[in-house]
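Colleague: I'd like to go over a predicted model; first the sequence, then the structure.
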Amino acid sequence: MNNEKRMAGDYEIIHAIHLGDKEVVFGENQRDEFDLKYMCGYHTSNELIGTYNDCMISGDYLEIMKLFTKRVDMQIEQIRSEQEKVTVSMELVRPDECYPNDYEKSIEDKIVAIRSDVLRREYQTGDRQIYLVTGGFGARGNSRGNAVFATNLYSGKQTRWERRDIQGEIKPECLPGWVKERLSVLQEERTKIEKPKEMERL
């Protein structure tokens, strides 16, 4: 068990809620000499580094706790607003609607579902779950690599997953209608990008 304290400067993080693109944190400094004992801020991170920003400090516990809960509410409303703009079904793809994630087989150029338990709880929705695999050593059969690169079929954003995160290739008869439409759009976009490259070689 890891008992190491999580610190933001001199403040120990005692409360943290990650929602959407940010984590709201509440810190306490037991040794502050100026009675600025409490802190509320945001923590954001990527694969390389994490940073604390927009931090507010005060000696008034309730004031900082009120700010903490307000920021949590703001993140909730942001996610709710994003969900209201989604134009497709957000129903998750079930494991029985996928072929098993057979590590001996390639999943390159396959439409897959991400395991719902590896998605953040607020993102456990169909529009966040369904991807087109575009490459990575982990996408190949009998590979020692784990990285799987894929494009989200709703947003078009490219993401890196681990092969163990894949629930499986979605069975053709279980593909939502919107997936087929989005796949067609993505294929057209890829064709437009590839054609100029072919002309450059002529």
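Modeller: Everything's here; your move. As the structure is a prediction and not an experimental result, all values here were calculated from the model.
Colleague: can I see the domain layout of the protein?
Modeller: The record's domain split for the chain, according to automatic domain parsing, is 7-84, 95-201.
Colleague: how about the helices in this protein?
Modeller: 61-84, 126-129, 177-201 (DSSP state H).
Colleague: quick one: contacts for the nearest residue to Asn53 once chain neighbours are set aside?
Modeller: Distances taken as Cβ to Cβ, 6 or more residues apart in numbering place Tyr42 nearest to Asn53, at 5.5 Å, with adjacent residues excluded. From N, CA and C alone the C-beta is placed, and that goes for glycine too. Residues counted as contacts of Tyr42 (Cβ atoms under 8 Å, 6 or more residues apart in numbering) are 22-25, 52-55, 71.
Colleague: Can you show me the CA trace of stretch 60-78 as CSV?
Modeller: The C-alpha atoms that make up stretch 60-78 are tabulated as CSV, following Å, rounded to 0.1, in the frame of the first residue of the first chain:
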residue,chain,number,x,y,z
ASP,A,60,-11.2,29.9,6.2
TYR,A,61,-12.0,26.2,5.8
LEU,A,62,-15.6,26.8,4.8
GLU,A,63,-14.7,29.4,2.2
ILE,A,64,-12.3,27.0,0.5
MET,A,65,-14.7,24.1,0.8
LYS,A,66,-17.4,26.2,-0.8
LEU,A,67,-15.1,27.0,-3.7
PHE,A,68,-14.2,23.3,-3.9
THR,A,69,-17.8,22.2,-4.2
LYS,A,70,-18.6,25.0,-6.6
ARG,A,71,-15.8,23.9,-8.9
VAL,A,72,-17.0,20.3,-8.8
ASP,A,73,-20.5,21.5,-9.7
MET,A,74,-19.0,23.5,-12.6
GLN,A,75,-17.3,20.3,-13.9
ILE,A,76,-20.5,18.4,-13.6
GLU,A,77,-22.4,21.0,-15.6
GLN,A,78,-19.7,21.1,-18.3
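Colleague: Just the buried positions in that stretch, please.
Modeller: 64, 67-68, 71-72, 75 (16 or more other Cβ atoms under 10 Å).
Colleague: Val88: which of those residues is nearest?
Modeller: Proximity of the buried residues of stretch 60-78 to Val88 (Cβ to Cβ) peaks at Gln75, which lies at 23.1 Å.
Colleague: Check what pLDDT that closest one gets.
Modeller: For Gln75, the pLDDT comes out at 98.
Colleague: Can you give me the distance of it to Thr51?
Modeller: 17 Å (Cβ to Cβ, to the nearest Å).
Colleague: quick one: which of the helices of the chain is nearest Tyr11?
Modeller: helix 61-84 (10.5 Å).
Colleague: Which strands and helices lie in contact with the closest one?
Modeller: strand 11-19, strand 22-28, strand 38-45, strand 50-58 (3 or more Cβ pairs under 8 Å, 6 or more residues apart in numbering; DSSP states H and E).
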